[in-house]
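A.B. asks: I need the structure of the sequence given here:
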Amino acid sequence: MRRLRFVFDLVCVLFHLALGTVIIFFSFPFFSVARRERLITWWASVMVALLGLSVRLEGDQRLKDTGHMLVLNHISWVDIYVIDVYRATRFVAKADIRSWPLIGWLCERTGTIFIERSRRHAVHGAIGAVANALSAGACVGLFPEGTTSDGLSLLPFHANLIQGAIDARVPIVPATLCYRNAQGQIATEAAYVGDMSLWDSLKALLLARPLSVTLTLLAPLESNGESRQLLAAAAEHAIAASLGLEIAEHHPKKAGRSASTASE
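C.D. replies: Below is the predicted model:
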């Protein structure tokens, strides 16, 4: 029965990915930005449910409909869909995610800001793109750890792309993601780390269901007149304190995967 349930769940997830592809390919060119955002939020809500995740939103959502930057800890590629349940969000991602089967194409068509990490001036271009998106009223999501962790520690934050919020003069909202199993323990099965493939991660998620994930919005930080280093440190300590985690002193290369964003 467990194998049959896994196959059924997998088919449902793949069908929903295909449905998203059809919607984006045929409908997005004719939709307003507001309607696109509503569709993204609906699609993400269904996706996380199919993955066996129940999403809980906590904290102050007064900035939800305005331009702001979300700064979060990073655990899995699923994080982006959980955040899209809160609001359709644009992310900064390493350029090679474009090559991921289907997911890369979906990310590109839903407004992901890609950065070529091998190019010397790529960060400056990404900062400009982030600032423009924020100034236009978008929500931009940033994972300043630059890679994923298992959710049991917090990796050091990189500050560069926070400059986009400073240039756009919009608030920075630190936020936390926490995955738990049915017993209320931290669900490391949700983590996309080490040498895991995307398939391994998807399989682990489906076999571990049901899981819950809480997205908690913390007190906003005003970006006017502050340096990106100070803002990154303030967000880092707020997130660490909220999760009750220690901040790692070093950034080990094998600690995680750059599943969604490039923040160096």
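A.B. asks: spit out the contact partners of the nearest residue to residue 152 once chain neighbours are set aside.
C.D. replies: Leaving out its chain neighbours, the residue that sits closest to residue 152 by C-beta to C-beta, 6 or more residues apart in numbering is residue 186, at 6.3 Å. All C-beta atoms are positioned from the backbone trio N, CA, C, and that covers glycine. With contact set as C-beta atoms under 8 Å, 6 or more residues apart in numbering, residue 186 has these partners: 151-152, 178-180.
A.B. asks: now residue 115
C.D. replies: Residue 115 sits next to 92-95, 122-123, 125-126, 262 when contact means C-beta under 8 Å, 6+ apart.
A.B. asks: contacts only, for the residue nearest the centre of the chain.
C.D. replies: In the chain, the C-alpha nearest the mean C-alpha coordinate belongs to residue 80, at 3.3 Å (C-alpha atoms, centre = their mean). Taking C-beta under 8 Å, 6+ apart as the criterion, residue 80 is in contact with 44, 89, 91, 107, 141, 260.
A.B. asks: mind putting those into JSON lines with neighbour count?
C.D. replies: Compiled in JSON lines, the contacts of residue 80 are given as follows (neighbours: other C-beta atoms under 10 Å):
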{"residue": "44", "neighbour count": "24"}
{"residue": "89", "neighbour count": "25"}
{"residue": "91", "neighbour count": "24"}
{"residue": "107", "neighbour count": "21"}
{"residue": "141", "neighbour count": "26"}
{"residue": "260", "neighbour count": "28"}
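A.B. asks: now, which of the residues you listed lie within strands?
C.D. replies: Among the contacts of residue 80, the ones falling in strands (DSSP state E) are 91, 141.
A.B. asks: return the member of the contacts of residue 80 nearest to residue 63.
C.D. replies: Taking C-beta to C-beta as the measure, residue 89 is the one of the contacts of residue 80 closest to residue 63, at 12.4 Å.
A.B. asks: state the distance from the closest one to residue 50.
C.D. replies: Distance of residue 89 to residue 50, computed by C-beta to C-beta, to the nearest Å: 20 Å.
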